[in-house]
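> just a sequence and a predicted model for now, questions to come.
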Amino acid sequence: MAIKLITSPSNPVIKDLKALEMRKRRKETGLFLVEGLRSVIEGMELGATLKYLAFHQSTAEKTDLQNCIAYCETCKGMAMEVTSEILAKLSHKDNPQSVIGVFEQRFHSLKYVAPETSTCWVVLEQVRDPGNLGTIIRTVDAVGADGVILVGACCDPYSVEAVRATMGSLFSVPIVLTTQEEFIAWRAGWTGDVIGTTLQTSVDFREVTPKKPILLMMGNEQAGLSEALRQIATHCIRLPMNGRADSLNLSVATGIALYALLEPVHNLSKAEKSTQ
């Protein structure tokens with residue numbers, strides 16, 4: 001494909017891509033920015049639509065980059081050779097990655113979530129910190145859970161901070177958007193356990209052996225899980241605080257709970273397979 005050479009930071013295309021740092025612009029265009037060749041390759045391998053590819057001349061001859069350029073062409077996108085100054089402008093870094101991709105966002109509705117084929121979905125209610133959200137998405141990918149359901153007014157999983165924290169896992173973890181009312185109504189058809197994390201009327205997380213499929217509900221960083229969601233849980237669990245700290249970071253707590261809850265489920269699946 002024809003590669004466009006851009007050397008001016010004031011180029012209209014660069015200005016448009018720079019504007020993707022604003023949530024309003026991401027929502028209008030349905031696009032988001034990804035930094036680094038590894039993450040761009042992850043998006044390519046998982047079939048995400050690549051609309052723009054910006055790269056430094058020093059990477060132009062790399063086979064992996066050439067594959068990304070070819071993929072960009074199949075997506076009817078634009079490949080651009082740019083300067084270090086432009087890459088720094090797009091990434092907000094003095095020492096930016098040499099490759100930046102711009103992909104189409106992918107969101108799902110609750111209809112996407114099938115209990116009969118699921119093991120565990122993480123439900124996040126009004127999560128506000130993009131770093132926490134991105135880290136949780138990466139953890140969901142690491143433990144082999146099914147995806148993330150965002151309930152209510154959450155931060156944007158496609159913000160620069162959240163995307164960085166996912167380390168490419170955003171492409172492999174489905175993201176569902178819903179309201180609290182829609183989620184509560186939909187939960188009535190869930191066939192497994194619904195587990196909420198809360199200090200109120202809860203038990204130690206090690207005392208619960210969940211019935212799959214699992215919904216793990218985590219609350220807002222400041223307020224925790226709402227009363228409305230606590231009311232629809234089959235179990236409420238807590239992580240004991242044995243030191244002076246009275247709480248854990250949301251992403252850390254989610255990771256601990258995920259590994260603890262999924263271990264017996266995975267062990268049961270292995271036992272079932274061994275008897276077949």
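Happy to help now that I have it.

> my guess is residue 72 contacts residue 65. True?
No. Counting by CB atoms under 8 Å, residue 72 does not reach residue 65; the two are 10.2 Å apart. (C-beta placed from N, C-alpha, C; glycine too.)

> which one of the two has more residues nearby?
residue 72 (24 against 20; other CB atoms under 10 Å).

> helix or strand for that one, which one?
Here residue 72 sits within helix 63-74, counting by DSSP states H and E.

> what lies in contact with that helix?
1, 3, 37, 40-41, 44, 50, 52-53, 55, 59, 78-79, 99, 101 (CB atoms under 8 Å, 6 or more residues apart in numbering).

> tell me which residues of that helix come out buried.
Neighbour counts over helix 63-74 (16 or more other CB atoms under 10 Å) mark 65, 68, 69, 71, 72, 73 as buried.

> a markdown table for those residues, including distance to residue 241?
Output for the buried residues of helix 63-74, formatted as a markdown table (distance: CB to CB, whole Å):
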| residue | distance to residue 241 |
| --- | --- |
| 65 | 48 |
| 68 | 46 |
| 69 | 51 |
| 71 | 48 |
| 72 | 49 |
| 73 | 54 |
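
> residues contacting residue 98?
Contact analysis of residue 98 by CB under 8 Å, 6+ apart lists 37, 55, 56, 58, 59, 87.

> compare those and tell me which has the most neighbours.
residue 55 (24 neighbours).

> and the closest residue to it other than its chain neighbours, how many neighbours?
Nearest non-adjacent residue to residue 55, counting by CB to CB, 6 or more residues apart in numbering: residue 99, 4.7 Å away. Counted by other CB under 10 Å, the residues lying close to residue 99 total 23.

> likewise for residue 33?
The number of residues near residue 33, taken as other CB under 10 Å, comes to 22.

> per-residue confidence at residue 272?
For residue 272, the pLDDT comes out at 48.

> do the same with residue 126
For residue 126, pLDDT reads 95.

> phi, psi for it please.
Phi and psi for residue 126, reported as degrees, to the nearest 10, are phi 50, psi 40.

> roughly how far does it sit from residue 222?
9 Å (CB to CB, to the nearest Å).

> between the two, which is the more surrounded one?
residue 126 (18 against 9).

> re earlier: filter the contacts of helix 63-74 down to the buried ones, ChimeraX style.
Applying 16+ other CB under 10 Å to the contacts of helix 63-74, the buried members can be selected in ChimeraX as follows:
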select :37,40,41,44,50,52,53,55,59,78,79,99,101
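
> which stretches in the stretch 1-150 of the chain count as helices?
Using DSSP state H, counting those that start in this stretch, the helices of the stretch 1-150 of the chain run over 12-18, 23-29, 37-45, 63-74, 84-91, 130-143.

> just those helices: most buried one?
Stretch with highest mean neighbour count among these: helix 130-143 (a mean of 22; mean count of other CB atoms under 10 Å).

> so what does it touch, helix or strand wise?
Packing partners of helix 130-143 (3 or more CB pairs under 8 Å, 6 or more residues apart in numbering; DSSP states H and E): strand 120-125, strand 147-151, helix 160-166, helix 250-274.

> now render the ones you listed as CSV, adding distance to residue 140 and mean neighbour count.
Output for the helices and strands packed on helix 130-143, formatted as CSV (distance: least, CB to CB, whole Å; neighbours: other CB atoms under 10 Å):
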stretch, distance to residue 140, mean neighbour count
strand 120-125, 6, 23
strand 147-151, 6, 23
helix 160-166, 10, 21
helix 250-274, 7, 16
